[in-house]
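Trainee: Here is the input, now give the coordinates:
(one chain, ligands or ions: 1)
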Amino acid sequence: MNGETEAAEPKPLAPGLYLVATPIGNLEDITLRALRVLRSADRIACEDTRQTRKLLNHFEIETPVLSLHEHNEAARAAELVAELRTGARIAVVSDAGMPGISDPGSLLVKAAIEAGVAVIPVPGANAALSALIASGLNTEEFLFLGFLAPKASARRTRLEAVVKTREGPLTVVLYEAPHRILETLADVESVYGPECRVVLARELTKIHEEFLRGNVSEVRGLLAERDRMRGEMVLLIEAQPQSKGQVRPATLREQLEELAKSEGLDEKEALKRIARERGVSKSELYRELQLERGRKRQ
Ligand code: SAM
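Mentor: Residues are numbered from 1 along each chain as shown. I've put the predicted structure just below:
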């Protein structure tokens with residue numbers, strides 16, 4: 001390392017907006033630069049002040065904090081930009097990882113840029129990239145989608161759209177909550193097929209860090225056997241464009257008809273069965289069925 005590669009900002013800290021990454025589990029992942037910036041800033045804008053205070057207490061940092069979350073970001077941005085214009089040094093942190101990545105921060109960044117204020121990234125931990133580099137999937141080209149929509153139909157449409165205009169496979173990186181992971185894996189299976197390779201990265205940098213690698217139906221099966229879905233998760237998918245000869249996944253209506261024909265199940269019984277297999281609720285499936293019926297009528 002030579003002088004040119006060392007910290008861009010001189011001591012004391014130059015005025016500006018500092019976007020500071022914080023650990024996603026392991027406190028050792030805070031950088032020396034992050035600590036210096038957090039110590040020297042005039043104020044730290046935090047997603048959750050209680051959460052950040054724990055981190056600051058651990059490192060004996062006494063910089064004043066204020067909240068910056070999705071419900072107050074627009075108003076706070078105006079207030080903080082006014083301070084930044086007078087030469088303040090403001091640090092921004094989220095609860096974990098990089099601010100602005102599925103977390104508050106980007107509105108404030110835009111406002112600061114418009115106001116001609118310096119915006120300085122202080123890199124560090126990030127769940128999506130940490131999962132990607134250890135996944136074994138293609139890291140040359142990838143697409144980060146953050147959290148998918150809670151509605152099954154919207155999730156599937158998004159997954160289908162991803163590969164529509166592509167020739168080759170693409171690594172898709174998603175954040176997902178434990179209570180929805182089985183549903184999302186079922187969607188991945190129905191859009192890309194049961195052989196699609198996936199990696200589920202759980203509890204990165206923590207004691208119970210785990211990578212589940214395999215095709216989507218295997219990983220779904222492994223998870224379904226567990227009593228409880230726990231921990232923070234990143235899902236990586238080797239999304240393949242649908243080849244011309246590939247069979248379109250059956251609609252819910254077609255699956256119901258198939259179960260009626262092959263096993264004599266009525267709609268209620270068949271919905272119960274499919275819900276269990278997909279790891280979703282019956283009411284969710286019922287909504288999906290209504291949507292399919294609505295689309296057919298149009
Ligand atoms: N800003 C953060 C970042 O840079 O990674 C992401 C914040 S987002 C609100 C939180 C989501 O990130 C979690 O629901 C989970 O999907 C993922 N995540 C955060 N920490 C994680 C960890 N230690 N292991 C796996 N996934 C994690």
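Trainee: Residue 138 versus residue 95, what's the distance?
Mentor: Using CB to CB, to the nearest Å, residue 95 is found at 30 Å from residue 138. No exception for glycine: its C-beta is placed from N, CA and C like everyone else's.
Trainee: For those two, indicate the residue with more neighbours.
Mentor: residue 95 (17 against 14; other CB atoms under 10 Å).
Trainee: I figured that one hits residue 49, correct?
Mentor: No. Under the criterion of CB atoms under 8 Å, residue 95 is not in contact with residue 49, lying 10.4 Å apart.
Trainee: Could you point out which residue ranges in the stretch 51-200 of the chain have low pLDDT?
Mentor: Counting by pLDDT under 70, the stretch 51-200 of the chain contains no low-confidence residues.
Trainee: Could you pull up the contacting residues of the residue nearest to residue 109 when sequence neighbours are not counted?
Mentor: Leaving aside its chain neighbours, residue 109 sits nearest to residue 119 (5.6 Å; criterion: CB to CB, 6 or more residues apart in numbering). Shown in contact with residue 119 (CB atoms under 8 Å, 6 or more residues apart in numbering): 16-17, 19, 109, 112-113.
Trainee: In this structure, what residue comes closest to the ligand?
Mentor: residue 97 (2.4 Å; CB to the nearest ligand atom).
Trainee: Next, the contact list for that residue, please.
Mentor: 21-22, 24, 103, 124-127.
Trainee: in the sheet, who's paired with residue 173?
Mentor: Under DSSP bridges, the beta-bridge partners of residue 173 are residue 144, residue 236.
Trainee: So which bits of the stretch 1-150 of the chain are right by the ligand?
Mentor: Counting by CB under 6 Å from any ligand atom, the stretch 1-150 of the chain comes close to the ligand at 24-25, 94, 96-98, 101-103, 126-128.
Trainee: for these, which one is nearest residue 55?
Mentor: Nearest to residue 55 among these, counting by CB to CB, is residue 96 at 9.3 Å.
Trainee: Chain neighbours aside, what residue packs nearest to the most centrally placed residue in the chain?
Mentor: Closest to where the C-alpha atoms of the chain average out (CA atoms, centre = their mean) is residue 175, at 2.6 Å. In space, and not counting its chain neighbours, residue 175 is closest to residue 147: 5.0 Å by CB to CB, 6+ apart.
Trainee: Now for the one you found: which residues touch it?
Mentor: Remark: with contacts taken as CB under 8 Å, 6+ apart, residue 147 is in contact with 102, 174-177.
Trainee: Of the residues you listed, which is the most crowded?
Mentor: Highest neighbour count within the contacts of residue 147: residue 174, with 25 neighbours (other CB under 10 Å).
Trainee: Report whether the expected contact of that residue with residue 143 is present.
Mentor: No. Counting by CB under 8 Å, residue 174 stays clear of residue 143, with 9.5 Å between them.
Trainee: hang on, the earlier thing: mind putting the contacts of residue 147 into JSON lines with secondary structure?
Mentor: What follows is the contacts of residue 147, written out as JSON lines (DSSP: H, G, I helix; E, B strand; the rest coil):
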{"residue": "102", "secondary structure": "coil"}
{"residue": "174", "secondary structure": "strand"}
{"residue": "175", "secondary structure": "strand"}
{"residue": "176", "secondary structure": "strand"}
{"residue": "177", "secondary structure": "coil"}
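Trainee: Any chance of JSON lines for the contacts of residue 119, columns neighbour count and secondary structure?
Mentor: Compiled in JSON lines, the contacts of residue 119 are given as follows (neighbours: other CB atoms under 10 Å; DSSP: H, G, I helix; E, B strand; the rest coil):
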{"residue": "16", "neighbour count": "19", "secondary structure": "strand"}
{"residue": "17", "neighbour count": "27", "secondary structure": "strand"}
{"residue": "19", "neighbour count": "25", "secondary structure": "strand"}
{"residue": "109", "neighbour count": "18", "secondary structure": "helix"}
{"residue": "112", "neighbour count": "22", "secondary structure": "helix"}
{"residue": "113", "neighbour count": "13", "secondary structure": "helix"}
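Trainee: so which of those residues would you say is closest to residue 45?
Mentor: Nearest to residue 45 out of these is residue 17 (CB to CB; 8.9 Å).
Trainee: So that closest one is in contact with residue 116, correct?
Mentor: No. Here residue 17 lies out of contact with residue 116, judged by CB under 8 Å, at a distance of 11.5 Å.
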